[in-house]
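prediction below, plus the sequence it came from.
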Amino acid sequence: MTTQYTSAQFRHSPIAVTDSGVGGFSVLRELQQLMPHEDFVYLADQWHVPYGPRTMQQIQYFEEGITRIFLNGFEQIPPAKLIVIACNTASAAALHHVRATFPQIKFVGTEPAIKPAAERTRSNHIGVIATAATFQGELYASLIDRFAQGLHVHKRACPEFVMLVERGGPYDEADQQQVTDILAPLKAAGIDELVLGCTHFPFLMPLIQTAMGAGVEIIDPSPAIAKQTARVLKEADAERGRDMPGHTLYLTSGDEVHFRNQLEALLGLKNPDVRVVKWTADDESLVMT
């Protein structure tokens, strides 16, 4: 970090959470429920959303810039004590890279919940929906190799779902039909477990469940990510303590008005603390506006 902090000061530093857009809200709300006394800074990189079509090198570049703003702090916000990459695509492309590049801070990544799906399936057919970039990463291949040997794994890239969540609800019959059509091959394959491999997708849970039917269990990894974050904090002796409720600052690199509308629609927030950050011309770093 750029400044030395005492242990007490470090414990009161915020937990940083980042995603390409608002999908990470599904992780953030679990973090807030599990650790209500912690401060959080959430950054939605909506200038670059969606990450799915981006190259691995581009995503690594974005995550470097985001990590720098979290490490440096800004205004009255101290540097973060931990960074949660609440994005499957960014985790697949950049988690190992930023851990190696920034060893001074701990990262918690996001990965498809292949293990619980493999343990619970009765049909030996499981489905995974994610972005193409997540499927192309080494992390996904490693999870399949470790936990899904002997199973039939049916994958489906669903970039349309990301933009459906970014657009926001309420969702209508046309949206339900789109989701149903996209998931039809998985339903036809006879899966009984469906892994949500993108943090945007929990916000479409009712549409996805309707498309798949009551016989398919849908696995949202967000609670497990929150528990892992709490474990990492405890091991680092970095828990804030229980002296007062935490505060969350919301940052976007996109349009502030649209972001506020998304916060109200997805998290029910009427007057959140929102600020805008802008990328420099070379996409190397972020600055507060």
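Arrived safely.

what's the next secondary structure element after the helix or strand hosting residue 93?
Counting by DSSP states H and E, the element that carries residue 93 is helix 88-101. Proceeding N to C from helix 88-101, the next assigned helix or strand is strand 106-108, under DSSP H and E.

which strands and helices lie in contact with that following strand?
Strand 106-108 sits against strand 82-85, helix 88-101, helix 222-235, with contacts defined as 3 or more CB pairs under 8 Å, 6 or more residues apart in numbering; DSSP states H and E. Placement of C-beta: from N, CA and C, glycine included.

let's go with 10 Å and repeat that
If you count contacts as 3 or more CB pairs under 10 Å, 6 or more residues apart in numbering; DSSP states H and E, strand 106-108 packs onto strand 15-19, strand 82-85, helix 88-101, helix 222-235.

can you list these in a markdown table and add mean pLDDT, mean neighbour count and distance to residue 125?
As requested, the helices and strands packed on strand 106-108 are arranged in a markdown table below (pLDDT from 0 to 100; neighbours: other CB atoms under 10 Å; distance: least, CB to CB, whole Å):
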| stretch | mean pLDDT | mean neighbour count | distance to residue 125 |
| --- | --- | --- | --- |
| strand 15-19 | 98 | 28 | 30 |
| strand 82-85 | 98 | 26 | 30 |
| helix 88-101 | 95 | 22 | 21 |
| helix 222-235 | 96 | 17 | 22 |
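
those: which one's closest to residue 58?
Closest to residue 58 of the helices and strands packed on strand 106-108, according to CB to CB: helix 88-101, at 8.4 Å.

could you give the angle of that closest one to strand 15-19?
Relative orientation of helix 88-101 versus strand 15-19 (axes from the mean of the first three to the mean of the last three CA atoms, to 10 degrees): 130 degrees.

for helix 88-101, C-alpha coordinates in PDB please.
The C-alpha coordinates for helix 88-101 follow below in PDB (Å, rounded to 0.1, in the frame of the first residue of the first chain):
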ATOM      1  CA  ASN A  88     -16.700 -14.500 -13.100                       C
ATOM      2  CA  THR A  89     -15.300 -13.200 -16.400                       C
ATOM      3  CA  ALA A  90     -12.800 -10.900 -14.700                       C
ATOM      4  CA  SER A  91     -11.800 -13.700 -12.200                       C
ATOM      5  CA  ALA A  92     -11.200 -16.200 -15.000                       C
ATOM      6  CA  ALA A  93      -9.100 -13.700 -17.000                       C
ATOM      7  CA  ALA A  94      -7.300 -11.700 -14.400                       C
ATOM      8  CA  LEU A  95      -7.400 -13.100 -10.900                       C
ATOM      9  CA  HIS A  96      -4.000 -14.800 -11.100                       C
ATOM     10  CA  HIS A  97      -2.600 -11.800 -12.900                       C
ATOM     11  CA  VAL A  98      -3.500  -9.200 -10.300                       C
ATOM     12  CA  ARG A  99      -2.500 -11.500  -7.400                       C
ATOM     13  CA  ALA A 100       0.900 -11.700  -8.900                       C
ATOM     14  CA  THR A 101       1.100  -8.000  -9.800                       C
END
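
other SSEs contacting it?
strand 15-19, helix 56-72, strand 82-85, strand 106-108, strand 125-130, helix 132-136, helix 138-147.

and it with helix 222-235, angle?
Relative orientation of helix 88-101 versus helix 222-235 (the same axes, to 10 degrees): 20 degrees.

and helix 88-101 with helix 56-72, angle?
60 degrees.

and residue 256, how many neighbours?
Number of residues near residue 256 (other CB atoms under 10 Å) recorded here: 15.

just the pLDDT for it.
Note on residue 256: pLDDT of 96.

please apply the same query to residue 4.
Looking at residue 4, the pLDDT reads 44.

which residue ranges of the stretch 151-289 of the chain form strands?
With DSSP state E, counting those that start in this stretch, the ranges of strands along the stretch 151-289 of the chain come out as 152-157, 193-196, 217-219, 248-252, 273-279, 286-288.

coming back round to it: the helices and strands packed on strand 106-108 into a markdown table, with extra columns for distance to residue 69?
Converted to a markdown table, the helices and strands packed on strand 106-108 look like this (distance: least, CB to CB, whole Å):
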| stretch | distance to residue 69 |
| --- | --- |
| strand 15-19 | 9 |
| strand 82-85 | 11 |
| helix 88-101 | 13 |
| helix 222-235 | 19 |
